[in-house]
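Student: Predicted model, plus sequence, below.
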Amino acid sequence: METKSRYEVIAGLEEQKRNLIKQRDAFPKQIKAKKDDIKQVVRRLEDMNDDLKFFVESVKDNKQTINDLIESVDLSLKKFDSKK
């Protein structure tokens, strides 16, 4: 079994301590990043909701336009039918 010198043990423990401190100090950044991610998702959902509202409003107009076009086509068909 290999034995470590006192220096190697101390160096290993100091490195372990530095790593633990880095992990501890990184928590606030990780929390902020997660909060920022949530804000982005919320903004995206708000945008999607606005898009949906606009689409619903435009569907009403589009339906009317399509109905007007259908009537126009019906009139044209009647004109051709009456020419027989």
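Tutor: Thanks, I have the structure now.

Student: Quickly note the distance from K39 to E46.
Tutor: Distance check for K39 against E46: by Cβ to Cβ, to the nearest Å, it reads 11 Å. Backbone N, C-alpha and C define where each C-beta goes, glycine included.

Student: Helices of this structure, residue ranges please.
Tutor: Assignment of helices within the chain using DSSP state H yields the ranges 6-82.

Student: what about it, any weak spots by pLDDT?
Tutor: In the predicted model, the chain carries pLDDT under 70 at residues 1, 83-84.

Student: okay, now E57: neighbour count?
Tutor: Neighbour count of E57, defined by other Cβ atoms under 10 Å: 10.

Student: who's in contact with it?
Tutor: Shown in contact with E57 (Cβ atoms under 8 Å, 6 or more residues apart in numbering): no residues.

Student: For the remainder of this discussion, apply numbering that starts at 12.
Tutor: Done: numbering now begins at 12, and the last item shifts to E68.

Student: if I look at K64, how far off is E57?
Tutor: On the measure of Cβ to Cβ, K64 and E57 end up 11 Å apart.

Student: and if you look at I81?
Tutor: Counting by Cβ to Cβ - I81 and E57 are separated by 36 Å.

Student: cool, K45 as well?
Tutor: K45 is 19 Å from E57, by Cβ to Cβ.

Student: likewise D36?
Tutor: According to Cβ to Cβ, D36 and E57 sit 33 Å apart.
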